[in-house]
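**Q** sequence-free structure coming up:
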């Protein structure tokens with residue numbers, strides 16, 4: 001497991017924590033997503049950044065890290081990335 005791969009995992013964790021902060025500070029996920037000007041775009045950008053890190057791990061053949069995640073979850077993250085970038 002390379003240092004680069006580990007740093008990608010830490011970035012994923014950081015983005016998840018940012019999403020949790022947004023949700024917790026604004027009355028829940030529904031209220032956060034209803035704010036289409038600030039909060040929803042922020043959440044979507046963090047989800048896109050998470051998907052990008054998973055994509056980089058896949059390109060780096062970081063199978064030791066990726067094997068810790070369910071294949072369906074990883075495919076779902078790629079779906080999020082495609083949805084938000086279109």
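**A** Done, it's in. Worth saying up front: this structure is predicted, and the values here are computed from it rather than measured.
**Q** tally of neighbours for residue 33?
**A** By the criterion of other CB atoms under 10 Å, residue 33 has 15 neighbours. C-beta coordinates here come from the backbone N, C-alpha and C atoms, glycine included.
**Q** need the contact list for it.
**A** Applying CB atoms under 8 Å, 6 or more residues apart in numbering, one finds that residue 33 lies in contact with 39, 40, 43.
**Q** out of these, which is most surrounded?
**A** Each of these was scored by neighbours using other CB under 10 Å; the highest score is residue 43's, at 20 neighbours.
**Q** show the contacting residues for it.
**A** Residue 43 makes contacts with 19, 22, 23, 32, 33, as judged by CB under 8 Å, 6+ apart.
**Q** what's the next secondary structure element after whichever strand or helix holds it?
**A** When secondary structure is defined using DSSP states H and E, the element that contains residue 43 is helix 39-59. Counting by DSSP H and E, the element after helix 39-59 in chain order, helix or strand, is helix 63-66.
**Q** rewinding a little: and the contacts of residue 43, which is closest to residue 63?
**A** residue 19 (26.1 Å; CB to CB).
**Q** tell me the spacing between the closest residue to that closest one other than its chain neighbours and residue 53.
**A** What sits nearest to residue 19 in space, not counting adjacent residues and going by CB to CB, 6 or more residues apart in numbering, is residue 46, at 5.1 Å. Spatial separation of residue 46 from residue 53 under the definition CB to CB, to the nearest Å is 11 Å.
**Q** quick check, pLDDT for the residue nearest to residue 19.
**A** On pLDDT, residue 46 comes in at 95.
**Q** do the same with residue 8
**A** We have a pLDDT of 96 for residue 8.
**Q** what's the helix or strand for it?
**A** Residue-wise, residue 8 maps onto helix 3-25 under DSSP H and E.
**Q** and for that helix, what's in contact with it?
**A** 29, 32, 39, 42-43, 46-47, 49-50, 53-54, 56-57, 60, 62, 64-65.
**Q** repeat that for 10 Å
**A** 1-2, 29-33, 35, 38-40, 42-57, 60-62, 64-66, 68-69, 77 (CB atoms under 10 Å, 6 or more residues apart in numbering).
**Q** again with stretch 52-60
**A** Contacts made with stretch 52-60 from outside it, assessed by CB under 10 Å, 6+ apart, are listed as 2, 4-5, 7-15, 62-66, 69, 73-78, 80-81, 85.
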